[in-house]
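A.B. asks: give me a 3D structure for the following:
(one chain, ligands or ions: 1)
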Amino acid sequence: MQLPSIDPPDRLLTGPGPSNPDPRVLEAMAKPMVGHLDPYFLEVMDRTMTMLRSLYRTNNHHTIPMSGTGTAGLEAIMLNLIEPGDHALIGVIGYFGQRLQEMAMRAGATVRVIEVPFGEVIQPDTMAAAIAEQPPSLVALVHAETSTGAEQPLADIARMAREAGALMVIDCVTSLGGIAVEIDVWGIDAAGSCSQKCIGAPPGLGPVTFGPRAMEKVRSRAAAPPTWYLDLNLLFQYWGEGESKARAFHHTAPVSSIYAFHEALRLIHEEGVEARWERHRRAHAQFVEGIAELGLSLFTPVEHRLPMLNVIEIPDGVDDAPVRAALLARGIEVAPGFGPLSGKTWRVGLMGTNATDERVGRLLEGLKEVLGR
Ligand SMILES: *Cc1c(COP(=O)(O)O)cnc(C)c1O
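C.D. replies: Prediction:
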């Protein structure tokens, strides 16, 4: 019997992720399998943790790529750091903030939400007032809101949250590897990202980091969290606790995914974390200039635009879906708008390997052809 093999088309992945992994990352994924407790693999795990700490700009020991996508990492944060009845304050600037709200509720928190219209960000004063009104035990925000293309400033809010005794949690799924994420300088207690956006590995891992205050909460819980798979105490018996070299089986680590992630981190550190931020910034500037020449503009106010996620306003008289289909026929993926922005915007990701002159040029060329401008 002849069954079709996997033979995917070549795509320029300029949507909200996955981005195109560097060939070295895909090659790493095809390296020989070893056991997940093999001494060689334990070394790979340690090196992965070290490189992930420097990407997160943190000394947090508890820094790992969680099995499961970015969402699994975020859910691990919520389920481990919230006990039933805890008070959580969630900032919502778009769709991904709504998901944090839902996760906090399901973890048993009493949730209060500060919400602003799509495209805007939350001002520190607004958050300060909400924190003062009723001090929460956890404050959570999305750093790079992929539905609106907005960057939420975090440093001031994180400081206020901590001063009020709350844990500061962020979703940096889209930002990590593309713009500054300063876990220690900003005083973030827990953060979750993904493997497939600006880090440039395949989807499947949720890189997370937990600081000392977060781990204190984990250890002082009255009861174990309502999840076994995402229980941090169990997970770190496998990933290693402090200086201890003891490793206990919890679940089988996705060995090949971690190889790929390790290679993606190696590429990031060869380039330099700050040089990578700068490359994303340049690609965004080039893109904004290019779309202006096509008579297009961005939805997100210029003061808080993300470089790696560009939300284009669809011009009057242009239909959303046919344009995206025509781009895809040319091998270029862009994404539709989200929620209230659906049908009115396209979302263009310039992440990881795609934040270069050449890739941005190809994308602009495609847009020009398809729009006939
Ligand atoms: C992509 C994304 C997620 C979800 O990550 P997955 O890896 O798809 O689970 C969460 N938050 C934000 C802000 C995202 O952009």
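
A.B. asks: how about the residue lying closest to Ala30 once chain neighbours are set aside, secondary structure?
C.D. replies: Closest residue in space to Ala30, ignoring its immediate chain neighbours: Ser256 at 7.6 Å, by C-beta to C-beta, 6 or more residues apart in numbering. Heads up, the C-betas are built off the backbone N, CA and C, glycines and all. When classified by DSSP: H, G, I helix; E, B strand; the rest coil, Ser256 comes out as helix.

A.B. asks: now swap in the one 5 residues further on and tell me
C.D. replies: Under the three-state scheme (three-state DSSP), the conformation of Phe261 reads as helix.

A.B. asks: and for it, the neighbour number?
C.D. replies: Around Phe261 sit 28 other residues, with neighbours defined as other C-beta atoms under 10 Å.

A.B. asks: ok, Pro336 next?
C.D. replies: A total of 16 residues lie near Pro336 under the criterion other C-beta under 10 Å.

A.B. asks: around the ligand, which positions in the stretch 151-300 of the chain sit nearby?
C.D. replies: With C-beta under 6 Å from any ligand atom as the criterion, the stretch 151-300 of the chain meets the ligand at residues Asp171, Val173, Thr174, Cys194, Pro203.

A.B. asks: list the contacts for the residue in the stretch 251-373 of the chain positioned nearest to the ligand?
C.D. replies: Using C-beta to the nearest ligand atom, Leu309 is the residue of the stretch 251-373 of the chain that sits closest to the ligand, at 7.7 Å. Under the criterion of C-beta atoms under 8 Å, 6 or more residues apart in numbering, the neighbours of Leu309 are Pro16, Ala144, Thr146, Gly149, Thr174, Arg347, Val348, Gly349, Leu350, Met351.

A.B. asks: per-residue confidence at the spatially closest residue to it that is not a sequence neighbour?
C.D. replies: In space, and not counting its chain neighbours, Leu309 is closest to Gly149: 4.9 Å by C-beta to C-beta, 6+ apart. pLDDT for Gly149: 98.

A.B. asks: for Gly149, what are its contacts?
C.D. replies: Contacts of Gly149 were listed using C-beta under 8 Å, 6+ apart, and they are Gly119, Leu298, Phe299, Thr300, Arg305, Leu306, Leu309, Asn310, Val311, Arg347.

A.B. asks: how is this structure carved up into domains?
C.D. replies: 12-17+273-372, 23-269 (automatic domain parsing).

A.B. asks: which one, of those, ends up nearest to Ile6?
C.D. replies: In terms of C-beta to C-beta, the element of the domains of the chain nearest to Ile6 is domain 23-269, at 12.8 Å.
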